[in-house]
Each structure stands twice: as C-alpha cells, then as structure tokens.
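Undergrad: Sharing a model prediction with you, sequence too.
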Amino acid sequence: MSLHQLTAHALLDLLKSRQTSAREAYDDVLARIKAVDPKVKAYVRMAYTPPDFVGEIPVPIAIKDNLCTKHEEITCASRILKGFRSPYDAGVIERIKKSGGTILGIVNMDEFAFGSSCETSCYGPTFNPWDLQCVPGGSSGGSAASVAADEAMWALGSDTGGSIRQPASFCGIVGLKPTYGRVSRYGLIAFASSLDQIGPLTKDVRDCALLMNIISGYDERDSTSVNEPVPDYTKALVNDVRGLKIGIPKEAFVDGLDPEVRRSVEDALNLLKKLGAVIKEVSLPHTPYAVATYYIVATAEASSNLARFDGVRFGLRAQPKNVRKNALVDMYEETRSLGFGDEAKRRIMLGTYALSSGYYDAYYLRGQKVRTLIKNDLDEVFKDCDVIMTPTSPTVAFKVGEKVSDPLSMYLSDIYTIPANLAGIPAISVPCGFSKSGLPIGMQLMGKAFDEEMLLRVSYTYEQNTEWHLKKPKLN
Amino acid sequence: MSQFETVIGLEVHLQLSTKTKIFCSCANQYGCAPNTNVCPVCLGLPGTLPVLNHQALLSGIKVGLALNAEINSFIKFDRKNYYYPDLPKGYQISQFDFPVAKDGYLTIKSGNQEKRIGIKRAHLEEDAGKLVHDNSGSCSLVDYNRTGTPLIEIVTDPDLRSPQEAYNYLNTLKLTLQYLGVSDCDMEKGSLRCDANVSIRPIGQETLGTKTELKNMNSFRAVKTALEYEVRRHEQVILAGGKIVQETLLWNDEKAMTITMRSKEQAHDYRYFPDPDLVPFTIDYKVIDSVRAELPELPQAKFLRFLSQYGLSEYDANILVADPGMADFFEAALKEYPHAKKIANWLGGPVLMELNNRKLSINELKLTPKGLVDLIARVEDGVVSNLVGKEVLTFMLDEGIDADAVIKEKGMAQVSDDSALLVIIDEVIAQNPAVVEQIKSGKPNAAGFLVGQAMKKSGGRANPKKLNELITRRITGV
C-alpha cells in the first residue's frame, strides 16, 4: 500500500515504528494530488506556508475554504473574498498546528457553504471520485472528495444542515458533526451562527475519534463554546452494541427515498440487531417542518453574517463607472452583485425577508419556535434510545448539473441531516453500501448532546463487522 | 406666553470607561493613531466572534441603579442591521427588547422646583468607527479605533418641558455618572453624545405633536440653543398653518439653525434579531445587590447631607457637590479642621478660582486637604490677612510647598506688632486730618479709609483688625 492510501492511525503506527517519516507521507499525498486532482478538482489552492514537520500527529490534512488559516488565502469559494489573506488562525487550526498536522492545501466548497453539491463554488465543481460525472455532495465537497480519493489523509469541514455528513455519505467516508459548542467556531467564516459546527471527514471511525480529540475543546474566544471536558474519543471505539437501543423514526422512510438507499440502511440496521442492539420504532412528528424551519432560520442568520462582505475593508471592491444612486451605495451594490453567486444572493434575500419588519414574527420567530418543537421530539426519543438511525441522504450522489436549476429539490437532500443542527446534537455518517451504479450509500446516527462516544461506539462496531471502509474508488 | 407646550425627550450615548472594549480585548483608549487600536474581532474580519466584557455589564447595572431603574436580570443582545462604512460587521450589537435597565428616573431642578424625569430605558451596545471626510471631497477615510467601545444609551420619557430643563437634565446626568466613575462624560472627547426629540402641542392637549429629531449638538449649551431654535421653528410652522414633517435634522452651530438630514420615508428597517453568537444568560440577584451595595453616595444625596450635616447653604453645597473631587476634598479637610463654612468659603472662592485659571481639576492641583487647612488656620490666627492668604495659595500651588514655607520664603507674615503698626498709623493720621476730624466728630466708620491707607503703606501686610483697633484708640482714645 502506498503511504497516501493509509488511514491516519496506520500512518501514526508506521511513524512510531520509524518505518516512514512525516515528510515522506506528506510528499506522497502531494504526489497523489498532482496525479488525480486535475480530474477530481478537490483543491482550490495549495498551502502557501509549508509545514515544519514538528509535532506528535503529523497527518496530512485538507482544510475547507472557510476556515481562517494565517497567511493563507481563504475565500469561502466566493469571488467576494478573493485575495483575503487571513491574519489569524481559527481555533481548530491552532489545534491542528499544535498537534503537528501538516496542511496540504485548501479544498473546495459550495459558496459560503450554501449548497449540497459543491456546484455553487466560484471555482467550479469538485467531482465525486467514485464517478467523476457526479457531485461529491456539499457543502464540504472538496473535503469529502479529497479524503475519498486519498488526496488527504483526513480533512476538516463544516456542517450547518448536513454539509459534512451528506458529502461523506456521497463519497463513502466517515463524517461527524459534533454537538453544537463542542468545537470552537472562532475562525470559521459563519453561515448560520446557531447551527454551524466544524467537524472531521475521515477514512474510518478510528481516524474520526483521533481528529475529534485534536479539535474538540473549550475556546474562550467563542461565547457559544461549551466548557465540557473532552474525553479520549478513541476509548469509545469498542466493538460491542449489545443492549444498546437504536431508534428508527417512522417518518424517515418517506417517498423520495431511493429504494437502494433504503435497502442498504435496513441491512445495516439488521446487522446491528444481529450484533445485539435493540431496535425501536420511534416518532419525530415535526420532521416534515424541519427543512422549512432551517431555510428560514439559517438564511436569516446568514443574511446578517454576510453583511460584512461590503467591499470596504477586504476582498472584492467594485465601483460602476457612472454614478447611479451615490458613490457609496453604488459601491455596495456593485461589489455584492458581482461578488456573490446566485445561490448566495437567493439565501441572503430569503433571510432578509424573514427578518424584515412585519414578517419577523411570522417567519423567523415562528421558525425558532418550531425549532424548539423539533428539539423536543428528539429529546423525548432519547429518553429511551441511545442513538437514532436514518439514511444520511434520500439519494446517492446525483449528476453534476442535475439539480442546479431546482433549488427546492436541492434543499430536500438535507431532510435527514437538518434536525441534528436544529437541535444541536451530534450526528455521524458512515458508509453502509453501494448502489448498483457503484455510488456510496451512507447511514446516519444521531446521539444525545455531548455523547459523541455513543456514536463512535455504534459506528465502530458496525464498521468492524463490514468492509465498506476498505473500498476505494478507481481513479487513474 | 406661548399657547404651546414643549415636549422634549433626550437620548444620551455614553462611552463607558472600561479597560477593554465591549466585545474584544483591545484597550478602551482614546486618541491612538488611526487603525492602530484594533483587532480581527472589532474589525469584523471573517470568522471572528464577540465575547462580552463583564465590566461593561456591571457598569451598565451601576448606571441603571443610579437612575432608580429596574434592572433586567435576563441579559440578551440583539443585532441591529444596517450598512455604513464605519460599521464593520454590517450590524451593531445592541439590546432591543431586554435593555439592561428600564423605568427609572432622574431628579432635576426646574426653576425652584424639583422634577422627576422618567428614564424609559438604558441599554448596552458597541460604538462604531469614525468617518473622516477628506477635505478635497474625493474620498472618506475610516478609523476603526472606536469600533467596539462600550456604550450605554440612556433614553428619557418625553418628560422635559423646556430647553432649560433639557440642559439641567444633561448636567445632572453628567454629574451623577461622574460620581459613579463609569464614564468621563466629555462631549468634546465624544464620550458623551446627545440626540434630542422635540415636539409642541397646544396647552391642554394630551396627544403629542409631530416630533423632529435633532443631532450633531456638540455641547450642552448647543443642545439648549438648538432646542430653542427648533421649538421656535415648530411654532412658526404651525402658526402659519403648516404641518411639521417628521424628520431628522442636523444642528449647525455656525449658522445657528437646523438642517434636514433625512426624512421618515428613508427610515431604516433594522431587522433586529437576537445575536446568536452571544448566549443569553440570567444574572444572579446577588450580583445586582453587590453592585448596589458598592454604589457611591450620589450627588443629590450628598447635597442634602451637606445641608443637614454641616449646615451649609444651598449655594455652598452646590459648589462642593458639583465636583466629586471637591466634595471629597471638603470632607477630608473637615476632618483636620471642623469649620465647614470656612472651608466651604475657601474651596468655593479662592480654590475654585485657581482651578478655573489653571484649567485643572482638584485632584490635579498640588494641594492637600491638610495643606488648605493649614493656610486657613494661618489666616484665622492672623499670621496673614485674608487677602494675603489668597496670594499664599497661589504660590503654594505654583511651587507645591506648604503655607508656612511660602510665608517664610516670601516674607508675607502679617505685621501685628503694635509698635511697628503705630509708626504707620501715625503717618496716616498726620496725612489725613480731615478724616481724623470726621472720626472724632462721631463717624467711627470713617476709620475704614485710614485702615485702607495704612494697609497700602504696609504693602498689604498689616493686620487690618489690629489697624482698626489701634487707629480708633489713637484718635478717640478708646
């Protein structure tokens, strides 16, 4: 096996036994990027600052284009941030660097994380390593594709409505959205402040636990960061689910759910049952309102978070040649019209509307109230279940261009992942099969707040009793 | 007499003097070179987040308590969204529906009466940066040093009934806040800014007239003058049969008039919503109680206490209370020398004059309470006359030495020695026979003229009481 094909934990074993070096591993992954990225297009730019190969966990890592990394150009895949070089490191980047992580480069995403396919990026789409005609998912499409293609040993992404889990599912890898407040948001360019979390995309569950150990923890610069002690997540990697209760929401098996996805997830369920887990049918009655709630609350917060991109201090500034209204207003309008893509504009308008005078109560306020109902549903189910299981996405990866002109259909791909963000609970996607066309299928497990350990335990058990995680896409 | 009643409400923005800014750890400092006192957070760079400075919150609670307001123990911040180059995030973090304090009052003087002005609310928010418009008109420059400075916005009910009351309110508010030590309340430095809302209505009418908002007043005097102008303007418009347009006007001090800034149609929809980056929390009532327990004695209470405890006149008490440093100095001096009226006279007279001439505050003066007391004692004991005492004070302040040292150095001791004085007196008597006759013929008060002459001859150093005594005895033999 080449170095770039290894998991992080396998690399660390080799490093410990001095069979390779951090630099060798890094260079091998770079060579892999050179070989296959022209087809996959996961990377938008390579690291400006080379790593110094000092530290305990020198794993080659890819960073999503919305995580501020000092001296690197960070653009959220948007024209409006072209040229912005961050003067500071995000909290998670500080932790990665301190642990010795070797940053390969910055990977693609949907513009400002608005999307489920990586097609709204100003750099063009990233392609699914399993089928280059298909999307890798989004918004952390570059993160997922790079890990799936062995172009990174692991990656960081962000998840607001499913943006780590859905691409992980489309690309056949593991993706975890931590409990809200588990990982510092300081330095994450915000989409929806009350929903965003940074999380790992990895080749297997053990790597996920390792990366969670590095990035988790309290950060006083983030007022929403929770001061809960961080356990050693690798201790949760126990191959035993006997007696654990898995809830299956009856609302999960809806129309529009691809029958192949359904079958794979049911097979996974049956395996876990065979391994000793207890399956319970449960109900999350407010599920039908989750997507609507999300697209009101998240876009409202986004419309405010993106107001700072105004051409005044950084990024793009544009000015029309002839004065239209007045120089200042013209500059704002020209900059934001040219700088934002269509989906960004769509969401900003939606969010602005939901907050506007006369509509706030009917939309934003009501949305937040329904959010509480959705959370209550989950809390109620968790009184009697250890995890809740659903498919990660109703479909496998769709073709590039297939859903771009139908935003609503695109929005519905998040139907299973959104509730975890609304409730702030952790959720993981693990590969559980393939479609006949060879595209990966993922299953999602949701857990109680700060109970990532339960998710890792059930995922690890499932993984150790299957071989999905050992499969790799044929590239070249 | 006007047939209209004036109705005024004031909005005061105060910069709190905390060590650091309200949501980041930049120093809360005035006067730095442009854009040097900034960080990624107060610049609103992508990915940054606010963290509340608890000192700012405590200051806000202090202000609320001093204004007799109800403290809201549920602390929540909201985003006020609008675009302007001095607002880096495109929104200001403020408080919308849960201001830290509400429903308070401030007692002010109105004529000879006391009046309660309702304080509708006081809330915390962050300041914006400063725009400097290039003189050539080709561009504007933005300085973000001020961004993130903690502000407290204090809004009155429309209880003020005249520009004079508004002026009194501002002075009373400023003094109260100076006593709290939460702000230096300096309109020139911009740590205190004031906007006014004004309307008029026929006397007896309950509904309010259409109001206009006034901005850009740079001193308390300007607020009063601007309001006087605007009230007149409202009257003129209405008497001529017109209607007041609800709008925002800028006060132009040079031209002494108000100028339209923007009309209601262009009013912003701020799309307020709770800031998701700042988690709401509840303050324990014990915290509020401990802030209350630590409140200093406020000016009104001190004023009343000075009247009753020391028997001072309202005039004297006002002067002492008008400066917290002065009041403390007074009481410290009293400890050394329990003569309230005498100390009050010196502080309110010669000391105050020196402060005004030197443009210093009492804390900056090279004078201790004991130092003043020693000087007063020398005057009372007749070592120097009252007049000379004032000169001694000046030298004390110039050179930072005590009264005795000045008197010795400059040889200012009063001459009280009888024989020395008699020499001068005999000269004066000899030179003014007419006056002497007046005194002999039963006008003893004319002796004052001779005392004055003798004082002159002595270079001001003779003890006037002694002079009077000796002159009278010399002439009348009594």
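TA: Thanks, I have it.

Undergrad: Report the separation between residue B:460 and residue B:384.
TA: 10 Å (Cβ to Cβ, to the nearest Å). Placement of C-beta: from N, CA and C, glycine included.

Undergrad: Between the two, tell me which one has more neighbours.
TA: More crowded of residue B:460 and residue B:384, by other Cβ atoms under 10 Å in any protein chain shown: residue B:384, with 23 against 16.

Undergrad: Quickly find the element holding the more buried one.
TA: Taking DSSP states H and E as the definition, residue B:384 sits outside all helices and strands.

Undergrad: I'd like the distance between it and residue B:452.
TA: 18 Å.

Undergrad: Write out the residues of chain B neighbouring chain A.
TA: B:40-41, B:43-52, B:79, B:81, B:83, B:85, B:88-91, B:142, B:269, B:271-273, B:276-279 (Cβ under 8 Å from any Cβ of the partner chain).

Undergrad: buried subset of those?
TA: Burial by neighbour count, 16 or more other Cβ atoms under 10 Å in any protein chain shown: within those this picks out B:40-41, B:43-52, B:79, B:81, B:83, B:85, B:88-91, B:142, B:271-273, B:276-279.

Undergrad: Report the rounded mean pLDDT for stretch A:77-84.
TA: On average, the pLDDT along stretch A:77-84 is 97.

Undergrad: how about that stretch, does it get close to chain B?
TA: Yes - Stretch A:77-84 is in contact with chain B by Cβ under 8 Å from any Cβ, via A:81, A:84.

Undergrad: which residues sit in contact with residue A:115?
TA: With contact taken as Cβ atoms under 8 Å, 6 or more residues apart in numbering or on different chains, residue A:115 is in contact with A:138-139, A:343, A:410.

Undergrad: and it, what pLDDT?
TA: Note on residue A:115: pLDDT of 95.

Undergrad: Without its sequence neighbours, what residue ends up closest to it?
TA: residue A:138 (4.4 Å; Cβ to Cβ, 6 or more residues apart in numbering or on different chains).

Undergrad: The residue of the stretch 301-450 of chain B found nearest chain A: neighbour count?
TA: For the stretch 301-450 of chain B, the residue closest to chain A is residue B:324, as judged by Cβ to the nearest Cβ, at 35.3 Å. Neighbours of residue B:324 under the rule other Cβ under 10 Å: 22.

Undergrad: give the contact list for the closest residue to it other than its chain neighbours.
TA: In this structure, residue B:324 finds its nearest non-sequential neighbour in residue B:179, 5.1 Å apart by Cβ to Cβ, 6+ apart. With contacts defined as Cβ under 8 Å, 6+ apart, residue B:179 is in contact with B:66, B:296-299, B:324.

Undergrad: can you check residue B:333 too?
TA: Residue B:333 neighbours (Cβ under 8 Å, 6+ apart): B:343, B:347, B:369-370, B:372-373.

Undergrad: Same check on residue A:331?
TA: By Cβ under 8 Å, 6+ apart, residue A:331 lies in contact with A:311, A:317-319.

Undergrad: Name the SS class of it, please.
TA: helix (DSSP: H, G, I helix; E, B strand; the rest coil).

Undergrad: do residue A:62 as well
TA: strand.

Undergrad: For residue 155, what are phi and psi?
TA: With no chain named, the answer covers chain A. Backbone torsions of residue A:155, given as degrees, to the nearest 10, read phi -150, psi 160.

Undergrad: think we crossed wires, I meant chain B
TA: Torsion angles at residue B:155 (phi, psi; degrees, to the nearest 10) stand at phi -120, psi 130.

Undergrad: Give the full set of residues in contact with it.
TA: So residue B:155 contacts B:9-11, B:119-122 (Cβ under 8 Å, 6+ apart).

Undergrad: Could you count how many residues lie near residue 63?
TA: Answering for chain A, as no chain was given. Using other Cβ under 10 Å, the number of residues around residue A:63 comes to 28.

Undergrad: try again with chain B
TA: Applying other Cβ under 10 Å, we find 27 residues neighbouring residue B:63.

Undergrad: Shouldn't it be within a helix?
TA: Yes - under three-state DSSP, residue B:63 sits within a helix.

Undergrad: on that earlier part again, is it possible to get the contacts of residue B:155 out as TSV so that each row also shows secondary structure?
TA: Shown next, in TSV, are the contacts of residue B:155 (three-state DSSP):
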residue	secondary structure
B:9	strand
B:10	strand
B:11	strand
B:119	strand
B:120	strand
B:121	strand
B:122	strand
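
Undergrad: Turn those into CSV, including pLDDT and neighbour count.
TA: Listed next are those as CSV, based on pLDDT from 0 to 100; neighbours: other Cβ atoms under 10 Å in any protein chain shown:
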residue, pLDDT, neighbour count
B:9, 98, 22
B:10, 98, 25
B:11, 97, 16
B:119, 98, 23
B:120, 98, 18
B:121, 98, 22
B:122, 98, 26
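
Undergrad: What pLDDT is listed against the one residue in the stretch 51-200 of chain B that gets nearest to chain A?
TA: Closest contact between the stretch 51-200 of chain B and chain A, by Cβ to the nearest Cβ, is at residue B:90 (2.5 Å). Looking at residue B:90, its pLDDT is 98.

Undergrad: these two touch, right, it and residue A:310?
TA: Yes - counting by Cβ atoms under 8 Å, residue A:310 is a contact partner of residue B:90 at 6.1 Å.

Undergrad: Find residues that contact each of the two.
TA: Joint contacts of residue B:90 and residue A:310 (Cβ under 8 Å, 6+ apart) are residue B:83.

Undergrad: List phi and psi for the residue of the stretch 301-450 of chain B closest to chain A.
TA: phi -60, psi -30.

Undergrad: Ok, residue A:440 next?
TA: Torsion angles at residue A:440 (phi, psi; degrees, to the nearest 10) stand at phi -70, psi 150.

Undergrad: Which pLDDT does the model give it?
TA: 98.

Undergrad: swap in residue B:265?
TA: For residue B:265, pLDDT reads 51.

Undergrad: do residue B:75 as well
TA: 97.

Undergrad: What count of nearby residues applies to it?
TA: 20.

Undergrad: Quick one: residues contacting it.
TA: With Cβ under 8 Å, 6+ apart, residue B:75 has these contacts: B:57, B:98, B:100, B:280-283.
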